[in-house]
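Colleague: okay, structure incoming, though there's no sequence with it:
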């Protein structure tokens, strides 16, 4: 089965080379890559052109938009399918990554979205941290009542092209660079469950994250995550979907890392806890498209980019 791998990037040309190298080394025989670049300069283009400019499996799309959800929706529109895999520009995919994802789609006809395992690369924990989400066991969730049981982040997820297009793609108010900062993946997973599709955790589809953050960057990042997660489930509650309430409450409790607090090891999650309350309030600043279950942009937003097959750019 053919995969389109989606990478979105903005002003991080110094990090994307590792991701590109790992994709060239994939064991799977049938894939292409869409790179959506929202950068303010041409540095990323030069890196991509030098490394994979002659490889027709890689397509580069330059976009003047901002926001990871917007960029991922552009990638979805460019996908050749039938399967989509998402990772980040500061990640390294393991050679068997797509094979493990493909096997899970083949074994579970009702699956709409898969989260793979994200492990942190080498780093000095005294200086900072790398966001990760290791998955240790296979898990399947079939009902939105139990959305809280599933783990995962957007650095390693996959879905069917037709399904994600049917649902209207990612909510462009959510996600990095968007007004509500985070949780574009969690929102899509919840909407998948609402639409009757299963969501899986797959432990052996592995991506290594190299996105190191110093400790001083932790508090604003966690605050943004809290805002996005809270606004996600408040959106569905505002639609009269009380099925989202258990996940809303459980995720709020999870904001504070009690074990880390007891051991006096950062991060503790206070910033995320505060952000969570703020996100519930910020939700009411936006109207909602009831049919697609996404926030509405307050003003029309210019979209799109310049698709370049084979990276042929003037």
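Modeller: Alright, I've got the coordinates. Predicted model only: the values in this text are computed from it and were never measured.
Colleague: need the next SSE after the helix or strand hosting residue 102, C-terminal direction.
Modeller: Residue 102 is part of helix 97-107, with elements assigned from DSSP states H and E. Using DSSP H and E, the next helix or strand after helix 97-107 towards the C-terminus is strand 111-120.
Colleague: and the next helix or strand after that next one, what does it pack against?
Modeller: On the C-terminal side of strand 111-120, the nearest following helix or strand under DSSP H and E is strand 128-129. Helices and strands touching strand 128-129, by 3 or more CB pairs under 8 Å, 6 or more residues apart in numbering; DSSP states H and E, are strand 213-214. From N, CA and C alone the C-beta is placed, and that goes for glycine too.
Colleague: circling back to that earlier point, next, the buried residues of the helix holding residue 102.
Modeller: 97, 98, 99, 100, 101, 102, 104, 105 (16 or more other CB atoms under 10 Å).
Colleague: now stretch 17-29
Modeller: Residues 17, 18, 19, 20, 22, 23, 26, 28 are the ones in stretch 17-29 that count as buried (16+ other CB under 10 Å).
Colleague: the residue nearest to residue 214 when sequence neighbours are not counted: how many residues sit nearby?
Modeller: Once flanking residues are discounted, residue 214 sits nearest to residue 128: 4.1 Å by CB to CB, 6 or more residues apart in numbering. By the criterion of other CB atoms under 10 Å, residue 128 has 15 neighbours.
Colleague: same question for residue 174.
Modeller: 28.
Colleague: residues in contact with the helix holding residue 102: which ones?
Modeller: Under the contact criterion CB atoms under 8 Å, 6 or more residues apart in numbering, helix 97-107 has outside partners 1, 3, 5, 26-28, 31, 83, 85, 111, 114, 116, 158, 160, 200, 202, 204-207.
Colleague: mind checking which of these are buried?
Modeller: Of these, these count as buried by 16+ other CB under 10 Å: 3, 5, 26, 28, 31, 83, 85, 111, 114, 116, 158, 160, 200, 202, 204-207.
Colleague: helices and strands of this protein: which one has the lowest mean pLDDT?
Modeller: Sorting the helices and strands of the chain by mean pLDDT, DSSP states H and E puts strand 305-308 at the bottom, at a mean of 47.
Colleague: that older thread, now the buried residues of stretch 17-29 as a markdown table including distance to residue 287?
Modeller: Shown next, in a markdown table, are the buried residues of stretch 17-29 (distance: CB to CB, whole Å):
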| residue | distance to residue 287 |
| --- | --- |
| 17 | 41 |
| 18 | 40 |
| 19 | 36 |
| 20 | 39 |
| 22 | 41 |
| 23 | 39 |
| 26 | 42 |
| 28 | 41 |
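Colleague: show me the contacts for the spatially closest residue to residue 110 that is not a sequence neighbour.
Modeller: Nearest residue to residue 110, sequence neighbours excluded (CB to CB, 6+ apart): residue 198, at 4.9 Å. Counting by CB under 8 Å, 6+ apart, residue 198 touches 108, 110, 111, 112, 140, 141, 142.
Colleague: inside helices: which ones of the buried ones among the contacts of helix 97-107?
Modeller: Of the buried ones among the contacts of helix 97-107, none are assigned to helices by DSSP state H.
Colleague: inside strands: which ones of these?
Modeller: Counting by DSSP state E, the part of the buried ones among the contacts of helix 97-107 found in strands is 3, 5, 31, 83, 85, 111, 114, 116, 158, 160, 200, 202, 204-207.
Colleague: of the residues you listed, which pair is most distant in space?
Modeller: 160 and 206 (21.0 Å; CB to CB).
Colleague: with adjacent residues omitted, what lies nearest to residue 127?
Modeller: residue 214 (6.2 Å).
Colleague: quick one: that neighbour and residue 123, what's the gap?
Modeller: 10 Å (CB to CB, to the nearest Å).
Colleague: how far does the helix or strand hosting residue 221 sit from its chain's centre?
Modeller: Using DSSP H and E, residue 221 falls within helix 218-238. Between the centre of helix 218-238 and the centre of its chain there are 14 Å (CA atoms, centre = their mean, to the nearest Å).
Colleague: hmm, residue 15 is touching residue 91, no?
Modeller: No: shown here, residue 15 and residue 91 do not form a contact pair, counting by CB atoms under 8 Å, at 9.0 Å.
Colleague: now for these two: what residues contact both?
Modeller: 210, 211.
Colleague: residue 275: how many residues sit nearby?
Modeller: 28.
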